[in-house]
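1. Provide a 3D model corresponding to the input given below.
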Amino acid sequence: SKLISSTSEMPKVKRSRKKPPEGWELIEPTLEELDQKMREAEVETHEGKRRVEALWPIFKNHHQKSRYVFELFYKRKAISRELYEYCLSEGFADKNLIAKWKKSGYENLCCLRCIQARDTNFGTTCICRVPKTKLDSGKIVECVHCGCRGCSG
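-> Residues are numbered from 1 along each chain as shown. Purely as a prediction, here's the structure:
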């Protein structure tokens with residue numbers, strides 16, 4: 001058996017053997033770059049950070065990958081439905097997060113944890129979901145789940 005040294009890269013995520021649809025070669029470099037950023041965020045040291053802060057780069061990257069696929073399909077109409085479905089099935093984008101972005105009021109949602117009432121102290125949504133106009137002026141808001149500074153608009 002092969003030993004993995006601590007300096008080696010993390011293995012790539014196993015994808016299905018299904019052949020990618022037409023147009024894949026155009027978006028693959030960007031998705032591979034985002035995957036590499038995700039791997040870097042996963043192995044990044046979290047010395048000097050609060051426990052929750054260590055996960056923020058991972059949440060940010062996850063959002064960025066999903067938003068990239070969402071924008072290509074729904075906003076710019078640059079990819080086919082088949083390629084969009086392929087990206088969802090292969091885990092390049094979060095279909096649940098994208099489903100929320102299609103609903104009114106959730107167009108800029110940062111992560112799904114911010115709308116789950118069970119994850120908050122008072123059984124409501126996260127502070128980053130409160131519109132900036134409803135907050136005290138000059139108050140800096142930062143979500144404990146993902147580090148978002150306000151995604152409600």
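
2. Give me the below-cutoff pLDDT ranges for the chain.
-> For the chain, the stretches with pLDDT under 70 are 1-15, 153.

3. Show the subsequent helix or strand relative to the biggest helix by length in it.
-> Using DSSP state H to define each element, the chain has its longest helix at helix 24-43. Toward the C-terminal end, the helix or strand that comes next after helix 24-43 (DSSP states H and E) is helix 56-70.

4. Which elements pack onto that next one?
-> helix 24-43, helix 81-89, helix 95-101 (3 or more Cβ pairs under 8 Å, 6 or more residues apart in numbering; DSSP states H and E). Using the backbone N, CA and C atoms, a C-beta is placed for each residue, glycine as well.

5. For Ile127, which of the ones you listed is the nearest?
-> When the helices and strands packed on helix 56-70 are compared by Cβ to Cβ, helix 95-101 sits nearest Ile127, at 17.9 Å.

6. on contacts alone, who are the packing partners of the closest one?
-> helix 56-70.

7. The helix it packs on vs helix 24-43, what angle?
-> Helix 56-70 and helix 24-43 are oriented at 170 degrees to each other (axes from the mean of the first three to the mean of the last three Cα atoms, to 10 degrees).

8. Need the residues that contact helix 56-70.
-> For helix 56-70, the surrounding residues in contact (Cβ atoms under 8 Å, 6 or more residues apart in numbering) are 27, 30-31, 34-35, 37-38, 41-42, 44, 79, 84, 87-88, 92-94, 97-98, 101, 110-111, 145-147.

9. 6 Å instead?
-> With contact meaning Cβ atoms under 6 Å, 6 or more residues apart in numbering, helix 56-70 is reached by 34, 37-38, 41, 87, 93-94, 97-98, 101, 110-111, 146-147.
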